[in-house]
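>>> Sequence first, predicted model second:
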Number of protein chains: 2
Amino acid sequence: MDISVIKIGGNVIDHKENCTEFLKLFAHFPGVKVLVHGGGVMASRIGSSLGIVPNMHNGRRITDKETLDVVTMVYAGLINKNLVAELQAYGQNSIGLTGADGNAITSRKRPIKDVDFGFVGDIENVNTTLLETLLGQNIAPVFSAITHDGKGQLLNTNADTIASEIATALAKSHNVKLYFCFDKKGVLMDADDPETLVPLINEDIFKALLQDQVIHSGMIPKLENAFNALNKGVSNVWMGLPENLLLAAKGENAGTTIESL
Amino acid sequence: MDISVIKIGGNVIDHKENCTEFLKLFAHFPGVKVLVHGGGVMASRIGSSLGIVPNMHNGRRITDKETLDVVTMVYAGLINKNLVAELQAYGQNSIGLTGADGNAITSRKRPIKDVDFGFVGDIENVNTTLLETLLGQNIAPVFSAITHDGKGQLLNTNADTIASEIATALAKSHNVKLYFCFDKKGVLMDADDPETLVPLINEDIFKALLQDQVIHSGMIPKLENAFNALNKGVSNVWMGLPENLLLAAKGENAGTTIESL
């Protein structure tokens, strides 16, 4: 199968109109597809209504028990089910999943080194059989960023990594393209200036941009995930604005294309 | 197929130990099965932490927009995903669903008559194709009490009714038994005295008990759901304590059996 794995960031889904625009586009996006969504913005807001202060380390959330409950509610419940219901309205059959559902993604609680990230899971296995069954019936799996350890414990897992690992696992038997959609035009030399778009990045360019500190914080693991996917057989990786997805799918220049060397 | 549809009440799943005991039993329950769960107790608690006061009418929740968000978070997120993760640990593959997922259950927002129940859905259709696919792979569907209208709106739906409608829909092509598990031994003449168990109820006995006001509040719709299921082809309906499920499955007398006339 030709499969598109599309990751949508929390900043996009947090704005009702942008989210609706994206979901219509996703519903009409050609071929079979998997959606992976974030939701950190909304989780922080609801967590703080419940008196829980988000605890971050280098742009990654530290997940204590209370925070895990909040992200499970917000990602797997509120956001995921509303996305699925809206996709159904646009004629795209879809099913909302965490890694626990159908044993789709198992992970291991991250070992404590310098930082204890709490209930955070590093992915060990993606169950492609379930995904292939769903995709074969043109049901789009919609993943929230929750996995499980197979022993009863839910774990918070970075949504970019989930997208990358799903793409990689499916790439063993399929032609897979991976798209990261967020609220920037792509990788920018100056985050505040869309004119500074970097249209193409390979690992050499990445290293140079890292050294010059042009790329930092959340963009680093995102690009690492992109290269990881390319190195493991994903055919294309792209980053940019959701409204440019169709252009990207046609191979037109409308964001940042990631290339292996 | 021989299919068991098992409903578990919010009072049971709200107690960690009781819930774990039930889930182990469910995982080892013979044959293919569907789980439907409530969660009103936990939703009220988390809702009140968020400053939302539960609004009830005759034991049924009135679902304004804020309450819908809370039940979506708590039922479809926090409770559902933890149940699924725990079932996986006991070797029971399972997948957590709302009615929106795979278009499993569509409903219609309840028309306003005397009371405006808000975002409450009355079931119109159960998609048995998806359920049969999952059950055929011995994946247990785990339903939270959320449905959708097919137009993008999630709706809160009574979990007993969901269990009854799923059982009824599957009974068209399968041999289906329906079990309602809660924190009482069964239907009791005196709710506080387990010695007053009514071991068998048919519609004549139900009417007599109603007239004598022995049965009231939440038990009325539960029994109506039971008779509805029997009248539409479900072979057995039972109510009682979760720990008596296996006895009930063997036809032993350990709760209340509901019989058609």
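Yep, it's here. Since the structure is predicted, the reported quantities are computational estimates derived from the model, not experimental observations.
>>> ok, for the residue of the stretch 101-250 of chain A found nearest chain B, nearest residue in space, not its chain neighbours?
Taking CB to the nearest CB, chain B has its nearest neighbour within the stretch 101-250 of chain A at A:Gly152, 3.7 Å off. Every residue, glycine included, has its C-beta placed from N, CA and C. Excluding its sequence neighbours, the residue lying closest to A:Gly152 (CB to CB, 6 or more residues apart in numbering or on different chains) is B:Ala89, at 3.7 Å.
>>> wait, isn't the one you found in contact with A:Gly150?
Yes: counting by CB atoms under 8 Å, B:Ala89 does reach A:Gly150; the two are 6.7 Å apart.
>>> so which helix or strand takes in A:Gly179?
You called it Gly, but residue A:179 is Tyr. Per DSSP states H and E: A:Tyr179 is located in strand A:175-181.
>>> got the buried residues for that strand?
A:Val176, A:Lys177, A:Leu178, A:Tyr179, A:Phe180, A:Cys181 (16 or more other CB atoms under 10 Å in any protein chain shown).
>>> Close to chain B: what parts of chain A are there?
Applying CB under 8 Å from any CB of the partner chain, we find that chain A lies next to chain B at A:46, A:49-51, A:69, A:72-78, A:80-82, A:84-86, A:88-89, A:93-98, A:100-103, A:133, A:137, A:139, A:146, A:148, A:150-154.
>>> Tell me who's in contact with whichever residue of the stretch 1-150 of chain A sits closest to chain B.
The nearest approach of the stretch 1-150 of chain A to chain B comes at A:Gly77, 2.2 Å away (CB to the nearest CB). By CB atoms under 8 Å, 6 or more residues apart in numbering or on different chains, the contact set of A:Gly77 is B:Thr72, B:Met73, B:Val74, B:Tyr75, B:Ala76, B:Gly77, B:Leu78, B:Asn80, B:Lys81.
>>> what sits against the fifth one?
Read it as B:Ala76. A:Ala76, A:Gly77, A:Asn80, A:Lys81, B:Gly96, B:Thr98, B:Ser144, B:Ile146.
>>> and with 10 Å instead?
A:73, A:76-78, A:80-82, A:84, A:96, B:39, B:96-101, B:143-146, B:154 (CB atoms under 10 Å, 6 or more residues apart in numbering or on different chains).
>>> what's the answer for A:Val142, then?
A:Val142 sits next to A:8, A:23, A:26, A:33-37, A:79-81, A:83-84, A:87, A:92, A:94-97, B:100-101 when contact means CB under 10 Å, 6+ apart.
>>> From those, which land in helices?
Under the assignment DSSP state H, these contribute A:Leu23, A:Phe26, A:Asn80, A:Lys81, A:Leu83, A:Val84, A:Leu87 to helices.
>>> wait, A:Ile258 sits on A:Met219?
No: using CB atoms under 10 Å, A:Ile258 is not in contact with A:Met219; the gap is 11.7 Å.
>>> Restricting to C-alpha, output stretch A:24-35 in CSV.
In CSV, the C-alpha atoms belonging to stretch A:24-35 read as follows (Å, rounded to 0.1, in the frame of the first residue of the first chain):
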residue,chain,number,x,y,z
LYS,A,24,-11.3,18.4,6.0
LEU,A,25,-8.0,18.3,4.1
PHE,A,26,-7.0,15.1,5.9
ALA,A,27,-10.4,13.5,5.0
HIS,A,28,-9.8,14.3,1.3
PHE,A,29,-6.1,13.6,1.3
PRO,A,30,-5.5,10.9,-1.3
GLY,A,31,-4.8,7.3,-0.4
VAL,A,32,-4.8,5.5,3.0
LYS,A,33,-3.5,7.4,5.9
VAL,A,34,-2.7,7.5,9.6
LEU,A,35,-3.1,10.6,11.8
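>>> which parts of it are buried?
By 16+ other CB under 10 Å, the buried positions in stretch A:24-35 come out as A:Lys24, A:Leu25, A:Phe26, A:Ala27, A:Phe29, A:Val32, A:Lys33, A:Val34, A:Leu35.
>>> Burial check on the residue nearest to A:Gly152, number of neighbours?
Using other CB atoms under 10 Å in any protein chain shown, B:Ala89 is surrounded by 19 other residues.
>>> swap in A:His15?
Applying other CB under 10 Å, we find 13 other residues in the vicinity of A:His15.
>>> That one touches A:Asp183, doesn't it?
Yes: counting by CB under 10 Å, A:His15 touches A:Asp183, with 8.6 Å between them.
>>> dump the residue contacts of A:Ala163.
A:Ala163 neighbours (CB under 10 Å, 6+ apart): A:5-8, A:34-38, A:143, A:145, A:178-180, A:222, A:225-226, A:229, A:237.
>>> pLDDT of the helix or strand encompassing it, averaged?
For A:Ala163, the enclosing helix or strand under DSSP H and E is helix A:159-171. Average pLDDT, helix A:159-171: 97.
>>> ok now do the closest residue to A:Ser4 other than its chain neighbours, which residues does it touch?
Distances taken as CB to CB, 6+ apart put A:Lys33 closest to A:Ser4, at 4.3 Å, once the chain neighbours are dropped. Applying CB under 10 Å, 6+ apart, we find A:Lys33 in contact with A:2-6, A:26-27, A:92, A:94, A:135, A:138, A:140-142, A:177, A:179.
>>> which residue lies farthest from the center of chain A?
A:Gly51 (27.1 Å; CA atoms, centre = their mean).
>>> Leaving out the residues flanking it, which one is nearest to that one?
B:Ser49 is the one closest to A:Gly51 (CB to CB, 6+ apart), at 7.7 Å.
>>> how deep is the one you found tucked in, by neighbour count?
B:Ser49: 12 neighbours (other CB under 10 Å).
>>> Okay, it and A:Asn55: tell me how far apart.
B:Ser49 sits 19 Å away from A:Asn55, going by CB to CB, to the nearest Å.
>>> just A:Arg110 next, same as before
Taken as CB to CB, the span from A:Arg110 to A:Asn55 is 15 Å.
>>> Check A:Lys109 too.
The value you get for A:Lys109 to A:Asn55, if CB to CB is used, is 17 Å.
>>> Looking only at neighbour counts, state which of the two leads.
A:Lys109 (16 against 12).
>>> you'd agree that one is up against A:Ile123?
No: using CB under 10 Å as the test, A:Lys109 is too far from A:Ile123 to be in contact (11.8 Å).
>>> Mind listing the shared neighbours of those two?
A:Leu155.
>>> A helix includes A:Leu134, no?
Yes: judged by DSSP: H, G, I helix; E, B strand; the rest coil, A:Leu134 forms part of a helix.
>>> Check what pLDDT it gets.
On the pLDDT scale, A:Leu134 gets 96.
>>> That one - how many residues pack around it?
23.
>>> Count residues in the vicinity of the residue lying closest to it once chain neighbours are set aside, would you?
By the measure of CB to CB, 6+ apart, the closest residue to A:Leu134 outside its immediate chain neighbours is A:Pro141, 5.3 Å from it. By other CB under 10 Å, the residues close to A:Pro141 number 24.
>>> just for the stretch 51-200 of chain A, where's the confidence low?
Where the stretch 51-200 of chain A drops to pLDDT under 70, the residues are A:59-61.
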